[in-house]
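Student: Coordinates for the following, if possible.
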Amino acid sequence: MTQSMPVLRAVLALAIAAAIASPARADDTNTTPIAPTADASAIGATANNPKTLAKVQVNASTVNATSTAPTQGSLVAVEPQSIIGSLFLQENIAPTGDYTDAIAISPSTYTIAPNGSGLMETAVASIRGFQDGQYNVTFDGIPWGDSNDFTHHSTSYFTNQDTSSVTVDRGPGTASTLGDATFGGTVSVESIDPSADFNLHPYLSYGSWATAVEGARIDTGKLNDSGTAAVINVQNGSSDGYLTYAGQRRQNIFAKIVQPLGDNTTLTFGGMWNKINQYVPFGASKAQIAEYGPNYALNNDPASQSYYRYNNDQITTYMAYIGLHSEFDGWTVDNKAYTYAYNHFGFNGLDPNGETPNGTFCDKKGNNCLDPDDVPGQHMRNWYRSFGDILRVSKELGPGEIRTGAWFDHQDNLRWEYEFDDTLDVPAINTTGAPTKGSDSPVDRVMTDSLTTFQPFLEYQWNITDNAWLVGGLKYDDFKRNLDAEYNQKTGTPLDYSAKWNATLPSAAFHYSFTSDWTAYAQWAKGFLAPNLNLLYVADPAISDGSLQPEKTTNWQVGTTWNSDDLTLSGDVYKINFNNFIQSQKIGGVTYFYNGGGVHYTGLELEGTYMVGGGFSIYANGSLNRAIQTESNTWNPNTPHKTAALGLIYRNGPVYASLMDKFVGKTYYTANANDDTPIGGYAVTNFAASYRFDLHRTDVKDIKIGFQINNLFNNTNINALAGTTVADGTPLYFTIPSRNYNVTFSADLF
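Tutor: Presented below is the predicted three-dimensional model:
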């Protein structure tokens, strides 16, 4: 760790001590956040405009079903939607966790965190069987991700403490839903907003595997008569991780400034910086798990390709945006200009699972090595920077509202990878140009590429009656890739190539309100996802087969939502026809893609919370999911047959406690193109409890102690296929992290 880390720890510890020693005030009400924009329902209930919790969690201190529910539907949604509010994020997600840990509780969803919550990038994040890269993730309405395959680095951007709510939209949304992978749904992450009052909120957390998180949130309150306010969260985390020698160090800073401009306009500045250093394994074979235990990953032997210092990721990211929201004379204008960047240096042993012997500077067959005992490895870099703008305009027109706008995004990407002698820490190139063991070239790839997306849309909401409305529209998706490779990935040959795809995507949805508490909807929509960059990893993409065709879906969904003080209840049925389904398999830590043809999805989803009384409530959700590949009539990989969750929650004054169980049914993971490996169903039970102390002092609002036990019954079964080895195609697996705990101390000062 850097020298600044002990200083930060000392400062935060003093802040906690000051909270205990200082006089407090009796007021224990929640401070009012200053929202940067109006309720997004004013400009359309879409996945990229997730509703604030104003409709479902007006006051989290009020104990009722809507304020307590871990997930719940929205009364204004036009597709299945699970809103996960700040209460669940604060009380039930580990301090090291992220948005993937939050969405795991929702119906039809499961995620795999092999090293513990947030201590390694999430290995699987599946929604109805759609994998990361097949659905959007947005931050404050901004779609973000890797241009090469649309995936997201869950540990490399915002933290759980930067987040106020997460919404899972299980569908393509309406025409105004923007992003490169809308057909699989949208995970909308909303950041924290400044409070109207000044506050300092330090927090400290300690737990299993030498895990520690230190941080502080500072709210300036209103700084002047115009209402200027800001919030900043600074955080440092470290952990040895559940897996052997898979430690992580992480620092994160998030800030937001809200500046009102008159009575109807708000300007918002948001920014985030994140730095992470982590040791990353590829998974373990069943033989290794049997011999060394379920948490086997890396080792401490410098003569081994699985030596932890040879398997390291160093990642720095940032994101920033300027948002303008204005309402006047029936018009609503919302615009965000943004940029974000990702800089990743990665290092790994050539075969950390031991099937390839040591040896460097070998011939092209991997024999006659000049240094037969040296460790072969690979060094890589992946850098990208994206900038873009999202404009949304709406106007009351006739018996409804017309909406239009556009999303523009451009991302530049640099990718290289070289074979290395890790023992000598030098590129594996000698006077004859011989590579490390088992490679035809010491250069695996050197390439630059760009992705440009332009999506204009037009839709109209016809308010048929006070209780019914119909929204229909069109979105045009224009998508262009450029690839300039000195050494193209997989082929190793030069390539200068451009490709362009486009589609016109219609959608229609009907929404009806039976009462103020009960609504229903029906939706039809087309979805589209242009091919990933990896499909250009061929000698001549112009003469490639149908694998270069875009992925397309047709979605039908019908559902209903009830939200009241005593009960929240949502249910839906869906059918999705999917063409040109691009699937993946991981070999030696490298992900390869292929066209799996068509898939038919059908399913049923339910979720609800019931207030029993006396502070107790019961939460449950469940799904029945079916996904069949049309060409082979086989079950689609990474799609559980069913999911379920059951929880008991207690809230009474300063006390919160919950016992939550999540079940994931049998799932098939493709170990190779000809073999499906089933993994049996499993369940994980988590317990969380907290108590908020009022010290009756003037300078401290409260002190809070929280405690979490994850995987209460210590289930360490295999729960995911991590990939296969390069040499023999041996399946590699991850297991459920063992029982673990964390204790968190926090305070609201002033």
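
Student: Pretty sure residue 680 sits against residue 666.
Tutor: Yes - using C-beta atoms under 8 Å, residue 680 is in contact with residue 666, at 5.7 Å. The way it works is simple: take the backbone N, C-alpha and C, and place the C-beta from them, glycine included.

Student: Report the separation between the residue nearest to residue 253 when sequence neighbours are not counted and residue 404.
Tutor: Using C-beta to C-beta, 6 or more residues apart in numbering and skipping residues adjacent in sequence, the residue nearest residue 253 is residue 273, 4.8 Å away. Residue 273 sits 34 Å away from residue 404, going by C-beta to C-beta, to the nearest Å.

Student: got it, and residue 223?
Tutor: Distance from residue 223 to residue 404, by C-beta to C-beta: 35 Å.

Student: and these two? which has more neighbours close in?
Tutor: residue 404 (17 against 14; other C-beta atoms under 10 Å).

Student: Which residues lie in contact with that one in this structure?
Tutor: The neighbours of residue 404, taking C-beta atoms under 8 Å, 6 or more residues apart in numbering as the test, are 392, 393, 394, 456, 457, 458, 459.

Student: Go through these and flag which are in strands.
Tutor: Mapping these onto strands (DSSP state E) picks out 392, 393, 394, 456, 457, 458, 459.

Student: Buried ones among the residues you listed?
Tutor: 392, 394, 456, 457, 458, 459 (16 or more other C-beta atoms under 10 Å).

Student: Helices of the protein, start to end?
Tutor: 4-21, 65-68, 86-92, 99-103, 286-292 (DSSP state H).

Student: Mean pLDDT lowest where, among those?
Tutor: For the helices of the chain, mean pLDDT drops lowest on helix 4-21, to a mean of 38.

Student: my read: residue 498 touches residue 452, true?
Tutor: No - if you go by C-beta under 8 Å, residue 498 and residue 452 don't touch, sitting 10.3 Å apart.

Student: quick one, which of those two is more surrounded?
Tutor: Applying other C-beta under 10 Å to residue 498 and residue 452 shows that residue 452 carries more neighbours, namely 17 against 13.

Student: any idea how far residue 410 is from that one?
Tutor: Distance from residue 452 to residue 410, by C-beta to C-beta: 5 Å.

Student: sorry, back to before: and the ones in strands among the contacts of residue 404, which two are furthest apart?
Tutor: Greatest spatial distance among those (C-beta to C-beta): 394 and 456, at 14.5 Å.

Student: So, low pLDDT: which residues of the stretch 651-750 of the chain?
Tutor: 670-677, 698 (pLDDT under 70).

Student: Where do the strands of it begin and end?
Tutor: 655-664, 667-672, 675-679, 682-693, 700-710, 718-724, 731-735, 740-749 (DSSP state E, counting those that start in this stretch).

Student: and of those strands, who's closest to residue 379?
Tutor: It is, among these and with distance given as C-beta to C-beta, strand 718-724, at 19.8 Å.

Student: Relative to the whole chain's centre, how far out is the closest one?
Tutor: Here strand 718-724 is found 19 Å from its chain centre; the criterion is C-alpha atoms, centre = their mean, to the nearest Å.

Student: counting contacts, what elements does that strand pack onto?
Tutor: strand 582-587, strand 667-672, strand 675-679, strand 731-735 (3 or more C-beta pairs under 8 Å, 6 or more residues apart in numbering; DSSP states H and E).

Student: end-to-end on stretch 553-571?
Tutor: 22 Å (C-alpha to C-alpha, to the nearest Å).

Student: Off-centre distance for it?
Tutor: 23 Å.

Student: Is residue 246 in contact with residue 281, as I believe?
Tutor: Yes - the criterion here is C-beta under 8 Å, and residue 246 meets it with residue 281 at 5.8 Å.

Student: Any idea what the residue nearest to residue 742 when sequence neighbours are not counted is bridged to?
Tutor: If the residues on either side of it in the chain are set aside, residue 742 comes closest to residue 207, at 3.0 Å by C-beta to C-beta, 6+ apart. Beta-bridge pairing for residue 207 (DSSP bridges): residue 211, residue 742.

Student: burial of residue 207, as a residue count?
Tutor: 23.

Student: ditto for residue 693
Tutor: Neighbour tally, residue 693, other C-beta under 10 Å: 14.

Student: Wait, it touches residue 654, no?
Tutor: Yes - contact status for residue 693 versus residue 654: in contact at 7.0 Å, counting by C-beta under 8 Å.

Student: Identify the contacts common to the two.
Tutor: residue 702.

Student: thinking again about what came up before, closest to residue 732 among the buried ones among the ones in strands among the contacts of residue 404?
Tutor: Using C-beta to C-beta, residue 457 is the member of these that lies nearest residue 732, at 42.5 Å.

Student: Who does that closest one form a beta bridge with?
Tutor: residue 405, residue 475.

Student: Thanks a lot, see you next time.
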